[in-house]
Each structure stands twice: as C-alpha cells, then as structure tokens.
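Undergrad: Coordinates for the following, if possible.
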Amino acid sequence: MSERRDYFSLSRAKPKKRTEISGVRIMFAAILSIGLILVLNFSGRIAATQPMQQEYARARAEIDQLEREQAELVRLRDYVRSDAYVQQWARGEGKMARVGEVLIVPVPMDSAADAVATPSVMMADLQTTPPEPETWQVWWSLFFDTAPPTGQ
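TA: This next block holds a predicted model:
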C-alpha cells in the first residue's frame, strides 16, 4: 500500500502548470486584431471605389467623343470661312459664274414638259385683294361696331 501512497503522493506533489498569458502574446493578439480591422476597412474602400471608377471611365469616354466632335466642327468652321468654300458654294448652290465664264444649268427632260404646261395655268386672272367695301358699309362699321347687314 505504500507503493500506492507513493504514487498518489507523487502525483499530488507535482504542481500543475498554469498557462500564464505573457506580454508577447497580448501584443501579438493586439497587432493581429488591428491588422484584421485594417484589411476589412481597406477591402470595403476598394469595393466602394468600383462604381466611381466605372463612372469615371464613362465620363472619360464621353469627353473623348466630344473632343473629337469639337475638332471636326472647328475643321468645318475653318473650311466654311475659307475662299475655297465660298467658290464651291457660289458655283454650286449660288449658280454664279466668274467674269468670262458661261453658266450652264442642265434642265431634266421631265421638268421641260412641266414647264411648258405651267404657263397656261399661270396666265389666268386671279383677284388677290379683297373687294373694296361700299362707303355706307364703312360708316355702318364705325357707328355700330358690327358687320353691316347683307342684302340677302
């Protein structure tokens, strides 16, 4: 029995080791938690900038397109201000010719047939002004502020 007692006494005699939290472990836990907070914060900010980057890309594309359109309009404005455009317009749409040149305007065949038939219609007498009212109708309108009676 003494052996048993020795066994129990030895096991009791050993003090249990307590795991103490050291200062290094506390610092490691604090750095780890701060790092985790920063990673979550930065990932949230990166996710929040995605729509802004898409909007920036859309606005940049629109600006580039408007700059190209502006360049084309400036080129067209400069051409319209030039002598070449004035000459082209005068000869084409303005039906003008230089001194010593003869202006030839081609007339399509269908238009020639219409041009012959049109003058007979245009020669009819048309009255374009209303008939003059009689004197008594003018006085009636002035005194009574109504239209004069008709003879019908």
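Undergrad: what's the distance between Asn41 and Ile34?
TA: According to Cβ to Cβ, to the nearest Å, Asn41 stands 11 Å off from Ile34. Where you see a C-beta, it was placed from the backbone N, CA and C, and this is true even at glycine.
Undergrad: Quick one: the helices in the chain, in order.
TA: Using DSSP state H, the helices assigned to the chain run over residues 2-13, 23-81, 83-92, 109-122, 135-144.
Undergrad: so where is the chain shaky, pLDDT-wise?
TA: 1-19, 111-126, 151-152 (pLDDT under 70).
Undergrad: which residue is nearest the middle of it?
TA: The residue lying closest to the centre of the chain (Cα atoms, centre = their mean) is Glu62, at 7.9 Å.
Undergrad: What separation is there between that one and Glu55?
TA: 11 Å.
Undergrad: next one: Gly94
TA: 49 Å.
Undergrad: Likewise for Arg68?
TA: Separation of Arg68 from Glu55 (Cβ to Cβ): 21 Å.
Undergrad: how about stretch 130-143: buried residues?
TA: Residues of stretch 130-143 classed as buried: Trp140 (neighbour count, 16 or more other Cβ atoms under 10 Å).
Undergrad: Pull the number of nearby residues for Val74.
TA: 10 (other Cβ atoms under 10 Å).
Undergrad: contacting residues for Trp136?
TA: By Cβ atoms under 8 Å, 6 or more residues apart in numbering, the contact list for Trp136 reads Pro148.
Undergrad: Could you rerun that using 7 Å?
TA: Shown in contact with Trp136 (Cβ atoms under 7 Å, 6 or more residues apart in numbering): no residues.
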